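*Asks:* Sequence and computational prediction follow.
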Amino acid sequence: MKSLLRGASTFVLGVVVGSLLIPTVRAQFRSVKTTNLLTTDLAGWCDGKEVTIELDEIGPGTSGKHYHPGHSFTWVIEGAETYELDGKPVKIVKAGDVLHEEPMQVHTVENQSPVKLLVMRIVEKGKPATVRMP
């Protein structure tokens, strides 16, 4: 009986020590503050579409996998991001860079420190600007 208790105690102690020494791996989703600067209907030129221009201030973390149903153009004002498009090499975009994302391209964006972006999107009216993947 003593050896059973000693084994159980050693196991519990190992679990406790291990949980303290091994960092928890989990994705931290980014906080995003979006300021809509302009939304305008493109009727008469491109019926059924609208353009949005916004300023995004984003905290550290990951966007998670997502896509944009329309064309998205991003100018990095401050900071840097790691941009990973499915099936392509990882790309770093930094202050001064401009990024074009074609519709429906699944990607993930991560950053270690805050970033500020100017984002322009051309989307079908009534469609979301971003669609998150499960």
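*Replies:* Noted; the coordinates are in hand.

*Asks:* tell me the pLDDT at the residue lying closest to residue 28 once chain neighbours are set aside?
*Replies:* Closest residue in space to residue 28, ignoring its immediate chain neighbours: residue 61 at 4.2 Å, by CB to CB, 6 or more residues apart in numbering. (C-beta placed from N, C-alpha, C; glycine too.) pLDDT recorded at residue 61 is 93.

*Asks:* One more: residue 4?
*Replies:* So, for residue 4, pLDDT stands at 49.

*Asks:* So which residues of the chain form helices?
*Replies:* Remark: helices assigned in the chain by DSSP state H are 2-21.

*Asks:* Report the central residue of the chain.
*Replies:* Centroid-nearest residue in the chain, with CA atoms, centre = their mean: residue 63, separated by 1.4 Å.

*Asks:* how close does that residue sit to residue 46?
*Replies:* Residue 63 is 27 Å from residue 46, where distance means CB to CB, to the nearest Å.

*Asks:* just to revisit the earlier point, next up, the contacts around the residue nearest to residue 28.
*Replies:* 27, 28, 29, 30, 31, 110, 111 (CB atoms under 8 Å, 6 or more residues apart in numbering).

*Asks:* Can you report how many residues lie near the closest residue to residue 72 other than its chain neighbours?
*Replies:* Excluding the flanking residues, the one nearest residue 72 by CB to CB, 6+ apart is residue 101, at 4.2 Å. Number of residues near residue 101 (other CB atoms under 10 Å) recorded here: 19.

*Asks:* And residue 101, how close does it get to residue 39?
*Replies:* From residue 101 over to residue 39 the distance is 19 Å, taken as CB to CB.

*Asks:* Next: residue 81.
*Replies:* Distance of residue 81 to residue 39, computed by CB to CB: 24 Å.

*Asks:* what do you get for residue 55?
*Replies:* Counting by CB to CB - residue 55 and residue 39 are separated by 13 Å.

*Asks:* again, but for residue 51
*Replies:* Applying CB to CB to residue 51 and residue 39 gives a distance of 7 Å.
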